[in-house]
Structure formats: structure tokens, C-alpha cells
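**Q** Quick one, what's the 3D model for this:
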Amino acid sequence: MKLAAHYNKASIIISVTVLLISGIIYYIIINQIAREQLDSNLSEEIAEVIEYVNLNQHLPKPIDFDEDQTTFVKTNLVKFDTKFFDTPYLNPREKKNENGRAVAALIKLNGERYIATIVESRENTEYLIQIIFIITLLLTTVLLSVLIITNRYILNGLWRPFYYILHQVKEFNVSDNKKMDIIQAKADEFTELGDAVSKMSSRVTADYHGLKTFTENASHEIMTPLAVITSKLDTLIQDETLRSDQYAQITDIYSATNKLSRLNQSLLLLVKIDNNLLHDNEKLNIKSIILEKIQQFQELIQNKNIELNYALDEVEVAANKYLTDVLINNLFSNAIKHNKAFGHIKIRLSGNKLIFQNSGESLPLQQATVFTRFNKGRSSEGTGLGLAIMKNICNQHNFALSYQYVNDLHSFEISFD
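**A** You can find the predicted model right below:
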């Protein structure tokens, strides 16, 4: 949920809660005021009745004056406090009971005592309260509507610079020389944020290009002496005067030099993948690439007497051609290198999945570190970067790469979804 949505949600919940509580309190107060006003009117009316009795020395006839109903009941009570209470009121016109408010007081006449009761309808008062409540509800609805519209349009306008900065951050590519725009917003915080992000992106880009230049130069400078060493070693190996121990030592040096060369190339490739420098995608036929690799690795497969079984469907994916070639190449290389003599390799390509299975060591690889850089098996003589390169290539293309050990087979599965 976006920040503006969180703010709108919080403000609406708070506003509704406050208005609801305020409405309840407001209703109670209005109801209490109306009741007190009704009691005041009844007090005046009962006072008029008492004054009439004292003046005329007889009870007035039961009246229905102004829809107020008055009754007199003889009593033996000596003392009776005037009291107000709720009671039903019979509407003489509509012949139905309504809510009413009554007052009862003691009247003395010629040595006798009467309880005078005046009942007045609360219908008008309640109707007035309902009108006030409806008006309040309408005003609350209008207020909430204005609040929602204000949050949606005015606040969204205030947040527009933030989303523009966020869009620039998402589109930022460290390999480009394009600078991020500096925007002027109404809110000083967004202006400062845009300025800080722009300066940060400039520093990151400069650092990246400096590191890229250093890496390329260092790789080139390393490859030059390695090529010289390899050339000299080739010459020495062809010398027929070498003793067997000297030949063995030169062969070890030659092997170590080749390993160092492969390590340098692998690290340079990882740098390019990590920084998304190889992103020219095209439609590739995975079946054709695998068939080409089978021809290239045929001699190595036959040298180890490995049985190869494959079932390939036509599958096309959008990916970088060079990186896909490296990916398939590493799958074959690992399946052959870590296999055993008279072992077997199974390749399945169907739907959106490519599965490579090979025999080898009877122990599974560690799931947690199988794709970690420089993680190697006990008998591996490689650089420890092959699986890490495969993982990075899959991540760049949003492919899912997983490893399992099933039925004594090491299985690598790539999902192209």
C-alpha cells in the first residue's frame, strides 16, 4: 500500500472515529437539552394549574389544551414531591400511543388532596432531534467526502515529485552517463530529496566507471603476462631434452597458469553480469544450442564412456545469446567434469523447463552454498565460479535455477518462466 493510501486510511479512520464519538455526545447533549426544555414547559403548566385552583377554589375540568392532557386523582398522601417522568401519550387525533413526558404534583383543595398529572407529547421534540441528527449526518458525510477528495487530488499533487524521484531511481542504470533530473517541488523536503538522490547517483556512476575501468585494465594487464607465460611453457614442453621430473613441474605450472587465466575470465564475466552490461536479448532456440553443445562435447563424453540420453522439444526464450551459450556450456561442462567413468547424463527440455542430470559423487551438494562463489566439491579442480555464473545469468533473465539430488543423480533444473 502506498504512503498516500496509508495517510488517507489513517485520516479517514481518525475522522470517522472522532465524528462518531462527537455525534453520540452531541445527540446526548441535544436530547438532554430538549428534555430539560420540556420539563421547564411542564413546570410552568403545573404552576398555572395550582394557581388556578388556589384562585378559583375548584378543580379545572380535565382538559386537552394544546394537546396537553391533564388528570386529577384524589390521594391520601400528605407529602408528594413534584416529579417528572416518561409515559405513553395517547394522540387523540391519530388514536395511537406516542412517547410522552409527564409531571405530577400535589394539589390541596378544601382539605382534600389531589395529584395533578400533565402529559405532553414528545413527538415534536423527537422530530426536531431527528432533523438535527440528519443534518449533522449530512454535514459529516460532506466533510468526509471533501476530506477524501482533498487527500486524493491535492495531496497526490503534493506527492507527485516524490513519485517522479522514485521513478528515476527505478530507471537508474549505473552504466549510463545520464544524470538524474533535479526537480523543484512545493515541499522543501522533496526538493532536498531530489538533490540528494541526484548527487548520490552522480557519485555512484563515477565510482562505477572508475571501478569498471580499473577492472578492465587489470584484467588486460593480467592476461598479457599470462599469455607470455603460457607461450614460454608451450616452448619448454616441446623441448625433448627435459627430464621427466622437469616435464612434470612445467606441466603443473602450465595447468596452474591456465586455471588462473580461466579464473580471470570468470571474474570479469561476473562483473559484467552483475552490472547488467550484457543485456541485448533476442529470440533463441534452446534445442539448437543444446544440439550444438552435444557435438562440441562429444569427444569428452566418449573419452569417459558416458552414456548420454536426451529428449528435446522446441523451446524459444528471449535472452542474451552470449550468456545463454555460457549457461548451457557450464551445464555440459559440470555434467562431464564431475561425472564418473561409464556414468550417464540425462537432458530433458520440454515446456518451460530444462533439466540436466548426471551421475557422480554419491553425496549431494549443500543446498545453501551450491551456487556460492568459490564453493567447490572435495575433488573439484575448477575455479568454483561455474555455478555462481549460472545463477547470476538466470537471475538476470528472471529464470529459476534449482538443484536437487534424486535417485543418485545430481539434477539442475532451469525454469524459463
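**Q** Residue 165: how many residues sit nearby?
**A** Residues near residue 165, counting by other CB atoms under 10 Å, number 22. Heads up, the C-betas are built off the backbone N, CA and C, glycines and all.
**Q** Tell me the secondary structure at it.
**A** Look at residue 165: counting by DSSP: H, G, I helix; E, B strand; the rest coil, its state is helix.
**Q** wait, isn't it in contact with residue 195?
**A** No: Residue 165 lies out of contact with residue 195 (CB atoms under 8 Å); the separation is 10.0 Å.
**Q** counting contacts, what elements does the top helix by length along the chain pack onto?
**A** Using DSSP state H to define each element, the chain has its longest helix at helix 3-56. For helix 3-56, the packing partners by 3 or more CB pairs under 8 Å, 6 or more residues apart in numbering; DSSP states H and E come out as strand 96-109, strand 112-121, helix 123-149, helix 155-171.
**Q** relative to strand 96-109, how tilted is the longest one?
**A** When you say that, I think you mean helix 123-149. Put simply, helix 123-149 runs at 130 degrees to strand 96-109, going by axes from the mean of the first three to the mean of the last three CA atoms, to 10 degrees.
**Q** any idea how far helix 123-149 is from the chain center?
**A** Relative to its chain's centre, helix 123-149 lies at 38 Å (CA atoms, centre = their mean, to the nearest Å).
**Q** Can you point out the buried residues in it?
**A** In terms of neighbour count (16 or more other CB atoms under 10 Å), helix 123-149 has its buried residues at 125, 129, 136, 140.
**Q** on that earlier part again, nearest to residue 232, out of the helices and strands packed on helix 3-56?
**A** Among the helices and strands packed on helix 3-56, helix 155-171 comes nearest to residue 232, with 49.8 Å by CB to CB.
**Q** could you point out which element follows the closest one?
**A** Next helix or strand after helix 155-171 toward the C-terminus (DSSP states H and E): helix 188-237.
**Q** quick one: that next one to chain centroid distance?
**A** The chain centroid and the centroid of helix 188-237 are separated by 35 Å under CA atoms, centre = their mean.
**Q** who does that helix touch, helix- and strand-wise?
**A** So helix 188-237, by 3+ CB pairs under 8 Å, 6+ apart, packs with helix 155-171, helix 244-274.
**Q** By mean pLDDT, show me the worst of the ones you listed.
**A** For the helices and strands packed on helix 188-237, mean pLDDT drops lowest on helix 244-274, to a mean of 75.
**Q** quick revisit: tell me which of the buried residues of helix 123-149 is nearest to residue 102?
**A** residue 125 (13.7 Å).
**Q** Looking at the buried residues of helix 123-149, which two lie furthest apart in space?
**A** 125 and 140 (22.4 Å).
**Q** re the thing from before, in a markdown table, list the helices and strands packed on helix 188-237 along with distance to residue 370.
**A** As requested, the helices and strands packed on helix 188-237 are exported to a markdown table (distance: least, CB to CB, whole Å):
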| stretch | distance to residue 370 |
| --- | --- |
| helix 155-171 | 31 |
| helix 244-274 | 16 |
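**Q** Ok, which of the ones you listed comes nearest residue 405?
**A** Comparing the helices and strands packed on helix 188-237 by CB to CB, helix 244-274 comes nearest, at 24.9 Å.
**Q** what's the helix or strand following that closest one in contact with?
**A** Counting by DSSP H and E, the next helix or strand C-terminal to helix 244-274 is strand 281-285. Here strand 281-285 makes contact (CB atoms under 8 Å, 6 or more residues apart in numbering) with 314, 315, 316, 317, 318, 319, 320, 321, 324, 397.
**Q** Show me what the nearest residue to residue 79 once chain neighbours are set aside is bridged to.
**A** Spatial nearest neighbour of residue 79, chain neighbours left out: residue 106 (7.4 Å); criterion: CB to CB, 6 or more residues apart in numbering. Judged by DSSP bridges, the bridge partners of residue 106 are residue 115.
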